[in-house]
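Colleague: Sequence first, predicted coordinates after that:
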Amino acid sequence: MARVSVVGGGVIGLTSALELARAGHQVRCVRDLAVEDTVSRVAGALWFPYHVQPRRLALRWGLDSLARFTAIAATVPFEAAGVRLARGVLVHRAEPDLWWTEGVEGVRPAGTDELPPGAGRGAVATLPLVDTGRFLPWLERECADAAVQLVRGHVTDLDAVPDCDAVVLACGLRSGALTGDPGLSPARGQVVRLANPGLTDWLVDGDDPDTLTYVLPHGDTVVCGGTDVEGDWDTGVDPATEQAILARCVAAVPALRGARVVGRAVGLRPVASTVRLERHTDEGRPLVTNYGHGGAGVTLSWGCAAEVVRLLG
Ligand SMILES: Cc1cc2nc3c(=O)[nH]c(=O)nc-3n(C[C@H](O)[C@H](O)[C@H](O)COP(=O)(O)OP(=O)(O)OC[C@H]3O[C@@H](n4cnc5c(N)ncnc54)[C@H](O)[C@@H]3O)c2cc1C
């Protein structure tokens with residue numbers, strides 16, 4: 001057993017902390033935001049390795065996570081953990097690149113009657129869909145049950161994290177400030193949450209970032225998106241962007257017309273040329289970094305957490 005401090009309490013920090021505790025380590029998780037205020041909370045969050053590199057590792061970590069989410073959906077009620085397997089359609093406007101389907105069961109071409117108006121082709125799949133409003137608090141409860149010490153605090157220097165034998169860095173987009181990594185950049189995403197008129201299936205029309213459209217139903221609410229603007233640090237909700245998102249989503253799923261707006265949010269995806277999941281030594285102490293998951297932090301979370309445990313040994 002080692003004393004490990006995980007810095008960061010979004011989906012990446014919490015899954016890392018939980019897996020380390022379950023592996024027998026004594027874990028403390030320190031974060032400066034409530035889960036409700038993290039980028040992780042903004043996510044839709046469909047299992048899909050979107051805007052993340054490198055593909056080979058993303059798929060490996062993603063498939064690990066797919067198995068874990070499938071097990072959670074089968075054993076924990078949706079009301080508790082917010083995880084379910086949901087059917088949906090991925091619309092293809094350009095030549096489809098189905099690299100992500102390797103190892104994913106049951107993906108098939110969509111029939112014409114399954115596609116939104118004007119869409120030529122697509123793929124139908126049943127994938128984990130995660131309501132982060134339920135999932136992140138569930139992760140915190142699982143951490144507490146596994147004796148993870150959850151504390152609020154802001155870290156300015158990794159060397160100065162006290163009372164531990166190893167540190168895990170999981171601060172998303174702000175990880176670069178702690179490591180001096182200049183290679184992290186934001187990809188701004190805006191969403192609007194609507195009261196669910198009764199939808200159960202999801203829809204993603206995402207070949208083109210300029211017209212990214214998705215509809216992700218979670219029980220009482222539906223997350224509608226979106227945008228993916230590289231290099232944009234603005235975290236304010238833009239009303240014109242929201243109107244454009246709503247217009248695209250209603251055109252794709254007419255049942256959403258007139259649905260009440262129940263929330264709106266912006267998050268900055270932590271994009272890097274490759275996910276920074278590596279072991280280093282910092283002042284003689286092991287440091288494992290786990291950040292840079294772009295648009296796929298939820299999708300890769302469990303697989304990356306297992307890798308953190310392996311890297312710490
Ligand atoms: C609009 C949108 C839609 C998305 N959709 C999906 C999707 O469908 N599927 C999917 O898999 N992914 C999706 N993502 C991507 C996903 O949300 C991110 O990849 C993921 O949330 C990153 O998680 P994280 O834990 O690394 O970072 P964050 O959630 O940002 O958490 C960072 C944590 O670090 C803490 N922290 C930071 N700096 C410090 C410090 N100095 N001291 C102490 N604590 C610190 C914060 O308090 C926080 O707890 C989406 C993202 C957006 C914006």
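Modeller: Noted; the coordinates are in hand. Residues are numbered from 1 along each chain as shown.

Colleague: From now on I want contacts and neighbour counts done on CA atoms only, so please keep to that.
Modeller: Will do.

Colleague: which residues in the stretch 101-250 of the chain form strands?
Modeller: 108-109, 121-130, 149-152, 166-169, 185-195, 202-205, 213-218, 221-225, 229-230 (DSSP state E, counting those that start in this stretch).

Colleague: among the ones you listed, which is nearest the ligand?
Modeller: strand 185-195 (3.8 Å; Cα to the nearest ligand atom).

Colleague: buried stuff in that closest one?
Modeller: By neighbour count on 16 or more other Cα atoms under 10 Å, the buried set for strand 185-195 is 185-195.

Colleague: Which residues of the stretch 51-200 of the chain lie near the ligand?
Modeller: 153-156, 170-172, 174, 189-191 (Cα under 6 Å from any ligand atom).

Colleague: give me the number of residues near Pro182?
Modeller: Residues within reach of Pro182, counting by other Cα atoms under 10 Å, total 10.

Colleague: Sorry, wrong one. I was asking about Val229.
Modeller: Using other Cα under 10 Å, Val229 has 17 other residues around it.

Colleague: residues contacting it?
Modeller: 186-189, 209 (Cα atoms under 8 Å, 6 or more residues apart in numbering).

Colleague: Would you map the helices across the stretch 1-150 of the chain?
Modeller: Along the stretch 1-150 of the chain, counting by DSSP state H, counting those that start in this stretch, helices occupy 11-22, 39-42, 55-75, 78-81, 132-145.

Colleague: Distance to Gly236 for those helices - can I get that in CSV?
Modeller: Listed next are these as CSV, based on distance: least, Cα to Cα, whole Å:
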stretch, distance to Gly236
helix 11-22, 22
helix 39-42, 13
helix 55-75, 30
helix 78-81, 29
helix 132-145, 20
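
Colleague: How confident was the prediction at Thr70?
Modeller: For Thr70, the model assigns a pLDDT of 98.

Colleague: circling back to that earlier point, any chance of the buried residues of strand 185-195 in TSV, with pLDDT too?
Modeller: Formatted as TSV, the buried residues of strand 185-195 follow (pLDDT from 0 to 100):
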residue	pLDDT
Ser185	98
Pro186	98
Ala187	98
Arg188	98
Gly189	98
Gln190	98
Val191	98
Val192	98
Arg193	98
Leu194	98
Ala195	98
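
Colleague: would TSV of those residues with distance to Gln243 be doable?
Modeller: TSV is the format used below for the buried residues of strand 185-195 (distance: Cα to Cα, whole Å):
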residue	distance to Gln243
Ser185	26
Pro186	22
Ala187	20
Arg188	17
Gly189	14
Gln190	11
Val191	11
Val192	9
Arg193	12
Leu194	13
Ala195	16
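
Colleague: And those, which is closest to Ala71?
Modeller: Arg193 (26.9 Å; Cα to Cα).

Colleague: what's across from Gln26 in the sheet?
Modeller: Arg3 (DSSP bridges).

Colleague: neighbours of it, just the number please.
Modeller: Around Gln26 there are 20 residues (other Cα under 10 Å).

Colleague: Over to Gly183?
Modeller: Gly183: 12 neighbours (other Cα under 10 Å).

Colleague: and it, how far is that from the ligand?
Modeller: 15 Å (Cα to the nearest ligand atom, to the nearest Å).

Colleague: Please verify my assumption that that residue contacts Pro270.
Modeller: No - the pair Gly183 / Pro270 is not scored as a contact, 10.0 Å apart, by Cα atoms under 8 Å.

Colleague: out of the contacts of Val229, which one sits closest to Leu277?
Modeller: Nearest member of the contacts of Val229 to Leu277, counting by Cα to Cα, is Pro186, at 18.1 Å.

Colleague: Could you pull up the residues touching the closest one?
Modeller: 173, 229-233, 268-271.

Colleague: returning to what we had before: mind checking which of the helices of the stretch 1-150 of the chain is nearest Asn290?
Modeller: helix 11-22 (7.2 Å).

Colleague: Buried deepest among the helices of the stretch 1-150 of the chain, which one?
Modeller: Stretch with highest mean neighbour count among the helices of the stretch 1-150 of the chain: helix 11-22 (a mean of 26; mean count of other Cα atoms under 10 Å).

Colleague: so where's the stretch 151-300 of the chain uncertain?
Modeller: Along the stretch 151-300 of the chain, no part satisfies pLDDT under 70.
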